[in-house]
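Asks: coordinates for the following, if possible.
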Amino acid sequence: MGKREKDIELLIFDCDGVLVDSEGIACTVRADILSAAGYRITPEQVRKRFTGWAAKDLIRSAWDDGYPLLVATVGPLGPNIAPKGSMIAYDDDHLAWWERSKKGVLDNLGHDARVCIMYANFKAQRDGVLESGFIRFFGKVELIESGPVRDKVFSMLLPREQTHVGADTGIAALVRIEKALDARGKAII
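Replies: Numbers count the residues shown, from 1 in each chain. Below you'll find the predicted structure:
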């Protein structure tokens, strides 16, 4: 290496949203461009439709919005479908729920960890957030009875789930998403 006349004293790497957040500005610019081209859209609609994973917000409020997620499992006694009001997007690769009932779903998961989680929301379809109004998540569940992941899932739950009867003895069910498809079989993520 050659000799430097001046050593670098400070080097800053800024990931968007740390020092500067350009998302709001970008959404406004996109809304202006699209509206000028005849596609009327607000910056908030641009953010919901084109930024990040909109399904995270939809999943978090699914139960309260009247669109509960359904978990399908299969075991020795056959299939089971159960609503899960505690479903959350744990991160970009995982969904999670808080298993309180410890009944049919848990029995089936002891036999086969594969699940299909169905989310249907026709309002989101009409609003242009979900193209088909459906998402089917496929993956395998890991049941976590103690430790930091269990604690993190619990901390991410809505207060109504944290205070629900049986919440204190619940189990975190962490689903690694292998694929997510819309109603037409198109990959979502």
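Asks: can you list the low-confidence ranges for the protein?
Replies: Low-confidence segments of the chain (pLDDT under 70): 1-5, 11, 13-21, 47-54, 189.
Asks: can you pull out the helices in it?
Replies: For the chain, the helices defined by DSSP state H cover 23-36, 43-50, 55-60, 62-65, 104-111, 122-126, 148-156, 159-162.
Asks: dump those helices into JSON lines; add distance to residue 74 and mean neighbour count as well.
Replies: C-beta coordinates here come from the backbone N, C-alpha and C atoms, glycine included. Output for the helices of the chain, formatted as JSON lines (distance: least, CB to CB, whole Å; neighbours: other CB atoms under 10 Å):
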{"stretch": "helix 23-36", "distance to residue 74": "41", "mean neighbour count": "14"}
{"stretch": "helix 43-50", "distance to residue 74": "35", "mean neighbour count": "17"}
{"stretch": "helix 55-60", "distance to residue 74": "23", "mean neighbour count": "18"}
{"stretch": "helix 62-65", "distance to residue 74": "23", "mean neighbour count": "16"}
{"stretch": "helix 104-111", "distance to residue 74": "6", "mean neighbour count": "18"}
{"stretch": "helix 122-126", "distance to residue 74": "27", "mean neighbour count": "15"}
{"stretch": "helix 148-156", "distance to residue 74": "24", "mean neighbour count": "15"}
{"stretch": "helix 159-162", "distance to residue 74": "26", "mean neighbour count": "14"}
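Asks: tell me, what residue is most central in this structure?
Replies: Nearest to the geometric centre of the chain sits residue 89, at 2.9 Å (CA atoms, centre = their mean).
Asks: tabulate the helices of the chain (JSON lines), appending distance to residue 9.
Replies: Output for the helices of the chain, formatted as JSON lines (distance: least, CB to CB, whole Å):
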{"stretch": "helix 23-36", "distance to residue 9": "30"}
{"stretch": "helix 43-50", "distance to residue 9": "38"}
{"stretch": "helix 55-60", "distance to residue 9": "39"}
{"stretch": "helix 62-65", "distance to residue 9": "50"}
{"stretch": "helix 104-111", "distance to residue 9": "55"}
{"stretch": "helix 122-126", "distance to residue 9": "50"}
{"stretch": "helix 148-156", "distance to residue 9": "37"}
{"stretch": "helix 159-162", "distance to residue 9": "47"}
